[in-house]
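A.B. asks: got a sequence here, can you model it:
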Amino acid sequence: MKLIRFFSLVAVAALTLTPAHVESQEIANAYRDAANRLIDAATANDDAYTRLGEVVDLFGARVAGSVALENAHDWILEQMEADGLDNVQADHLLIPHWVRGKESLHMILPRPRELPMLGLGGSIGTPPGGIRAEVMVVSDFAELTVRADEAHGKIVLFDVPFTSYGATVAYRSQGAIAAGRVGAAASIIRSVTPYSQQTPHTGNSNYADDVTKIPHAAITVEDAEMIHRMVDRGERVELHLSMEAQTLPDAPSRNVMAEITGSEFPNEVVVLGGHTDSWDVGQGAMDDMGGVVAAWEAVRLMKELGLQPRRTVRVVGWTSEENGGPGGPEYARQHADEDHVLAMESDGGVFKPSGFGFTGSDEAFAMMTEIGTLLDRIGSGTITRGGGGADIGPLMQTGVPGMGLNVDGTKYFWYHHTDADTLDKLSPDEVALCVATMAVIAYVVADMPTRLPR
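C.D. replies: Below is the predicted model of the structure:
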C-alpha cells in the first residue's frame, strides 16, 4: 500500500508540473554556474559604488534641461565606450525645462522666522514683490472643499501626514489645482515624507487649463505641524512667499545607451536601466543615478566575464523622468520597430534588493519565479505579481513584459527629492547586490533557448 501511495503521489505531482514549470526548472539548473559567476563578480568589489560616486560628485544635481545633465550624458557615453560595450549611442529628444530661481518663505506673524522650503517642479513664480497672506490650514482635499469660502486670497497649507507615497503625493501633484480653484493666492504642502530633519522635499506638480495657476511649494514636516498648532490655537499666521520659478522652452536632451549584441537573436532585446535626471537638489544618487549605474554595471560584468547572451542586452539611461518628460515614451517610439523581450527598471533606490515585481503572462511569471531561485544565495530572488516603472511603462503598454527592482524602501522617502539624496545614504555592499540581481535576471532571460512568452 505504501508503494502504491508513493507512485500515486508522484503521478499527482507530475500532473501539477506544467510544461512551463518543467522548462523553467531546467533553465534554472542550466544557468546556475553563470549566475554564480555574475554574483561573485558583482560582490567581489565596490566598482559600481565607486562609479556612482564619481558621476554624482562630478556633476551633482541633474535637473532636466540643465548643463549638468547633458555633461553627465557625455561622460556616461565616454565611459560606456571605454568599457568596450557595443552600439554606444544616444537618442535625441526635447524635454521640459523648469528652473527654480531664487526663492524664500518667511513667517511674518505671529513671529519672524525663515522657513526652509522648496518650490515644486513646474510651479509658476510669485509676482516680483512676492505674496504676503494669511495661512489657511487644511488636513485634506475634503476639508478644503467644505471651507472653500474661507480660502480666497490666502495661502493654503495642506498639512497631510504621510501614509503612503501613492496617497500623499496627490497633494504635491494636485494641490495647486485644488487651492487655485477656490481662489487661494498660493499653496504649500507638508513635504511628502514619513521622516524629517527640517528637510523640505520637492517633486513635480501640475496645473489645470481651467484653473488659475498659483505658486506651489513644500515646507518641512516640522514647520507644517507648527503652523497647524498655531492656527488651532487661534493665532493669525502670515507668510511671505517669494519664488522666481519659471518654465523655459523645451531643451534638447538624450537617452543614453549601450549593449551587448546577441549572438543568435540580435534583434530581440532585453532592456534594463534607470533615469539619469534628478531634481535640482542633492546629488540624485539614490534617485536615480544609482539605478542607471547598477544596470550599467550588470551589463559591463557580462562583457567582462565573456557572457554573450543569445539576445541583445541593452542598458539605457532615460532622461527627464522626474518632470514627467518624454524619455520613456520617446524610447518606446524611437525603438518601436525592435522586438523587446523584457523591460527592467530600477527606480526605487539601490538599497538591499529582495527581488522583482513582474508584470506579464502566467506562463512568463512561472518562468521568472523559477529563474529567481538563482538569486536565493543572496536573498534577492523573490518574484511578485505586478511591477514595472515610469520609463518602461510605454513599452509595457505594447505588451512587453516588465519588472521593477524591489528593495528595502524603509528610508527611501526620507531622502527622496531632497538635498539629502547623496552618495553616503547608500551602502557599497547593497549597491553590489542590486547589480548582481539585475545581471542574473537580464542574462538568463537574454540567453535561455526559449524566449520569455508574452
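A.B. asks: for the stretch 201-350 of the chain, what spans make up the helices?
C.D. replies: Applying DSSP state H, counting those that start in this stretch to the stretch 201-350 of the chain gives helices spanning 221-232, 290-304, 327-334.
A.B. asks: mean pLDDT added to these, as TSV?
C.D. replies: Formatted as TSV, these follow (pLDDT from 0 to 100):
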stretch	mean pLDDT
helix 221-232	98
helix 290-304	98
helix 327-334	98
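A.B. asks: of these, flag the one that's most buried.
C.D. replies: Per-stretch averages of neighbours, counted by mean count of other Cβ atoms under 10 Å, single out helix 290-304 among these, with a mean of 27. Where you see a C-beta, it was placed from the backbone N, CA and C, and this is true even at glycine.
A.B. asks: which strands and helices lie in contact with that one?
C.D. replies: When contacts are defined as 3 or more Cβ pairs under 8 Å, 6 or more residues apart in numbering; DSSP states H and E, helix 290-304 sits against helix 32-43, helix 47-59, helix 67-82, strand 246-260, strand 265-275, strand 311-318, helix 428-447.
A.B. asks: that older thread, mind putting the helices of the stretch 201-350 of the chain into TSV with distance to residue 387?
C.D. replies: What follows is these, written out as TSV (distance: least, Cβ to Cβ, whole Å):
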stretch	distance to residue 387
helix 221-232	29
helix 290-304	14
helix 327-334	15
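A.B. asks: nearest to residue 71, out of these?
C.D. replies: Nearest to residue 71 among those is helix 290-304; the distance by Cβ to Cβ comes to 14.9 Å.
A.B. asks: what's the separation between the most centrally placed residue in the chain and residue 150?
C.D. replies: Central residue of the chain (Cα atoms, centre = their mean): residue 347, 3.0 Å from the mean position. Relative to residue 150, residue 347 is positioned 39 Å away (Cβ to Cβ, to the nearest Å).
A.B. asks: picking up where we left off before, which of the helices and strands packed on helix 290-304 sits most buried?
C.D. replies: It is strand 311-318: most buried of the helices and strands packed on helix 290-304 by mean count of other Cβ under 10 Å, with a mean of 29.
A.B. asks: partners of that strand, with directions?
C.D. replies: Its sheet considered, strand 311-318 pairs with strand 246-260 (antiparallel), strand 265-275 (parallel) by DSSP bridges.
A.B. asks: I'd say residue 272 and residue 347 touch.
C.D. replies: No. Between residue 272 and residue 347 there is no contact under Cβ atoms under 8 Å: 11.5 Å.
A.B. asks: which parts of the chain belong to which domain?
C.D. replies: Domain assignment of the chain by automatic domain parsing yields the ranges 21-98+249-447, 101-244.
A.B. asks: the stretch 351-454 of the chain: helices as residue ranges?
C.D. replies: Under DSSP H, counting those that start in this stretch, the stretch 351-454 of the chain gives helices at 362-372, 393-396, 412-415, 428-447.
A.B. asks: turn these into a markdown table, including mean pLDDT.
C.D. replies: Formatted as a markdown table, the helices of the stretch 351-454 of the chain follow (pLDDT from 0 to 100):
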| stretch | mean pLDDT |
| --- | --- |
| helix 362-372 | 97 |
| helix 393-396 | 98 |
| helix 412-415 | 98 |
| helix 428-447 | 98 |
